[in-house]
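Undergrad: model this:
(chains A and B, ligands or ions: 2)
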Amino acid sequence: MVLFFQLLIDGLASGAIYASLALALVLIFRATRIVNFGQGEMATLSAYCAWQLCEWGVPIALSLLIVGAASFLLGVLVFRAVIKPVSKASTETVVVVTLGLFVFFQALCLWLWGADQRAFPAMFPGGGWDILGVRVTASTLGILLVLLCLAATMGAIFRFTRLGLAMRASAYSSEKSLLVGIRVERMLMLGWGFAATTGFIAAALVGPRLFLSPTMMMPILLYALASATLGGWDSPLGALVGGLIVGVAESLGATFLPFIGADLRVVIPIAVTLVILLVRPVGLFGSSTVVKV
Amino acid sequence: MNILTVRDLSAGYGATDVLHKVNFTVEQGTIVALLGANGAGKTTILRALSGLLPSRGVVEFGGTDLRQCSPARRVELGLAHIPQGRGTFGDFSVEENLAAGAFTIRDKKQIAEDMERWYSVFPRLAERRRQQAGSLSGGEQQMLALARALMSRPKLLMCDEPSLGLAPAITEQIFEIFKSLNDEHGMTLLIVEQNADLTLQFAHTAYVMEAGDITVSGLASELLSNEAVQQSYLGV
Ligand SMILES: Nc1ncnc2c1ncn2[C@@H]1O[C@H](COP(=O)(O)OP(=O)(O)O)[C@@H](O)[C@H]1O
Ligand SMILES: [Mg+2]
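TA: Ligands and ions are numbered 1, 2, ... in the order given. Below you'll find the predicted structure:
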């Protein structure tokens, strides 16, 4: 039983990271019906930048703040320079373009910083607590708190602000939004900015657990894609819950299903997702209007 | 004085034009009907006017050349368009729909006042202010669409087939509201309809469209009593 709770807590921590990247994917999909396969690699670039600032002697908190803002601009820039020109193109074209973003940002990191792994500075203190035999580290708690804040902030923006209303309206129908005077394209652009910052948060949470490398977000992207599918591609709440479920399923499955073990654990989120899609094709929180991608 | 002047307006979908150099005007403070059979191009005109479709020609609205303006700017200038099929946000609450309608208004106090005002005109919406718009009946949705458009304090309200799918009594009610907006507030309205008989009773002037062009225009009362027009164009 203690083992179960230990795996549950550890799974929630990984799940929180998948959830943040899934949230970034869903923010973009909701607004533009695009799956940004480059989201993870854009986040990797941001994480490298944060690491570089720290190397140059900038305190970690400040460098996270700077890069958080810079990531927003990166998202806006990618939208303006790459996505907007193909916004009327076919789905296949757009998929190729976002795969191109994936390749480009990975190559850029490799070119700038090489393939060597770098140690990302720790954001949370090292200690932890033993609660009835279950070890909860400060880093686990920190990750969960970050996700909570992220979710609360996003929720508050969407629900209570004029900007949030306009972003939701634009995601619902660009034409109807234009007719009430919303500058839809600007909202999509901001959506890409928010997503890039959210992706960076995911990468900054992963950074200290793994090492920094140009390919570090690839497995996370896979899990995030599964999480978004699980939760429903048009639901931010679904992305969060989906991420947590995938994290827990991975953690429990790798231990309790002997035939899977550590090597095959990546299969678990995909299996969970398939099962849920069989029962509910639009995902847990998805609305029926979404076409499957 | 004309609030809207349209000259040689052409627009369409893709390479083919649906509208062929359409000309018409809307006089300030009047109700203007735009009639015609299904497929004549009425919706296309409204979409070109509100900037949802690219167009060629001249569109002058209160002295501004609308074709230079983004759709959002046109709303700011006082043009409101209730599209065919309502144009409400189905998964927003009634109140959020009204808030979205007031997107171009910065004055919070004015928004709150307008909301209460339209709630008092449409008590059904007030009762359902927390309910999802998608769950309303057709008539309630049309009222919400109307209230949503009015939240932007339009100078010219364009409405595309308000009677579509509504019971006659509710259609009548909606037209009465158009009339009172015009009588009491001097609002200018451009109403697209297939229900010619009813619309002509409320409108001052009317245009009849056929195959992407305006072929008949005149006072509503004249069109209503002109039998030749009735038979050949309005099918009543
Ligand atoms: N989205 C569209 N794509 C292509 N053609 C369209 C589209 N919408 C309307 N049309 C065509 O434009 C013409 C005028 O349509 P419309 O303006 O909707 O007519 P009305 O509103 O008078 O019924 C019709 O021949 C119709 O087939
Ligand atoms: Mg029509």
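
Undergrad: how many residues are close by B:N38?
TA: Using other Cβ atoms under 10 Å in any protein chain shown, B:N38 has 8 other residues around it. C-beta here means a position set from N, CA and C on the backbone, and glycine is covered the same way.

Undergrad: in space, what's closest to it - neighbours in sequence excluded?
TA: Setting aside the residues directly before and after it, B:N38 is nearest to B:Q194 in space (Cβ to Cβ, 6 or more residues apart in numbering or on different chains), at 6.7 Å.

Undergrad: and stretch B:68-84, average pLDDT?
TA: For stretch B:68-84, the mean pLDDT works out to 95.

Undergrad: who touches that stretch?
TA: If you take Cβ atoms under 8 Å, 6 or more residues apart in numbering or on different chains as the criterion, stretch B:68-84 is touched by A:175-176, A:178-183, B:43, B:46-47, B:49-52, B:61-62, B:64, B:66, B:87, B:103-104, B:145-146, B:148-150, B:152-162, B:164, B:192.

Undergrad: now those residues: which count as buried?
TA: A:176, A:178-183, B:43, B:46-47, B:49-52, B:61-62, B:66, B:87, B:103-104, B:145-146, B:148-150, B:152-162, B:192 (16 or more other Cβ atoms under 10 Å in any protein chain shown).

Undergrad: show me those residues that map onto strands.
TA: Those of the buried ones among the contacts of stretch B:68-84 mapping onto strands are B:61, B:156-160, B:192, per DSSP state E.

Undergrad: where does pLDDT dip in chain B?
TA: Applying pLDDT under 70 to chain B flags the ranges B:228, B:231-236.

Undergrad: please save the CA atoms from the helix ranked longest in it in PDB.
TA: The longest helix of chain B (DSSP state H) is helix B:168-185. What follows is helix B:168-185, C-alpha atoms only, in PDB (Å, rounded to 0.1, in the frame of the first residue of the first chain):
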ATOM      1  CA  PRO B 168     -45.000  33.400 -36.700                       C
ATOM      2  CA  ALA B 169     -45.900  34.900 -33.300                       C
ATOM      3  CA  ILE B 170     -42.200  35.100 -32.300                       C
ATOM      4  CA  THR B 171     -41.300  36.500 -35.700                       C
ATOM      5  CA  GLU B 172     -43.900  39.200 -35.200                       C
ATOM      6  CA  GLN B 173     -42.500  40.000 -31.800                       C
ATOM      7  CA  ILE B 174     -39.000  40.400 -33.200                       C
ATOM      8  CA  PHE B 175     -40.300  42.700 -35.900                       C
ATOM      9  CA  GLU B 176     -42.100  44.800 -33.300                       C
ATOM     10  CA  ILE B 177     -38.800  45.200 -31.500                       C
ATOM     11  CA  PHE B 178     -37.200  46.300 -34.800                       C
ATOM     12  CA  LYS B 179     -39.900  48.900 -35.200                       C
ATOM     13  CA  SER B 180     -39.500  50.300 -31.700                       C
ATOM     14  CA  LEU B 181     -35.800  50.500 -32.100                       C
ATOM     15  CA  ASN B 182     -36.400  52.500 -35.100                       C
ATOM     16  CA  ASP B 183     -39.300  54.600 -33.700                       C
ATOM     17  CA  GLU B 184     -37.800  55.300 -30.300                       C
ATOM     18  CA  HIS B 185     -34.100  55.400 -30.900                       C
END
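
Undergrad: what packs against that helix?
TA: Helices and strands touching helix B:168-185, by 3 or more Cβ pairs under 8 Å, 6 or more residues apart in numbering or on different chains; DSSP states H and E, are strand B:31-36, helix B:138-150, strand B:188-193, helix B:196-202.

Undergrad: same list (those) but as CSV, adding distance to ligand 1.
TA: Converted to CSV, the helices and strands packed on helix B:168-185 look like this (distance: least, Cβ to the nearest ligand atom, whole Å):
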stretch, distance to ligand 1
strand B:31-36, 5
helix B:138-150, 17
strand B:188-193, 7
helix B:196-202, 13
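
Undergrad: just want the residue of chain B that's nearest chain A.
TA: B:V75 (3.4 Å; Cβ to the nearest Cβ).

Undergrad: just to revisit the earlier point, what's the burial count for the residue nearest to B:N38?
TA: 16.

Undergrad: so what's it up against?
TA: Neighbours of B:Q194 in contact, by Cβ under 8 Å, 6+ apart: B:35-38, B:161, B:163.

Undergrad: A:M42: which of those residues is nearest?
TA: Nearest to A:M42 among these is B:E161, at 45.2 Å by Cβ to Cβ.

Undergrad: ok, now which ones touch that closest one?
TA: By Cβ under 8 Å, 6+ apart, the neighbours of B:E161 are B:42-43, B:84, B:192-194.

Undergrad: tell me the spacing between it and A:L230.
TA: 41 Å (Cβ to Cβ, to the nearest Å).

Undergrad: before we move on, what about A:I157?
TA: From A:I157 to A:L230 the distance is 24 Å (Cβ to Cβ).

Undergrad: can you name the residues that contact B:E95?
TA: B:115, B:129-130.

Undergrad: give me the element it is part of.
TA: Element membership for B:E95, per DSSP states H and E: helix B:94-101.

Undergrad: report the buried residues of the helix or strand following that helix.
TA: Sequence-wise, the next helix or strand downstream of helix B:94-101 (DSSP H and E) is helix B:108-121. Buried residues in helix B:108-121, counting neighbours by 16+ other Cβ under 10 Å, are found at B:111, B:114-115, B:118-119, B:121.

Undergrad: packing partners of helix B:108-121?
TA: So helix B:108-121, by 3+ Cβ pairs under 8 Å, 6+ apart, packs with helix B:94-101, helix B:123-127, helix B:138-150.
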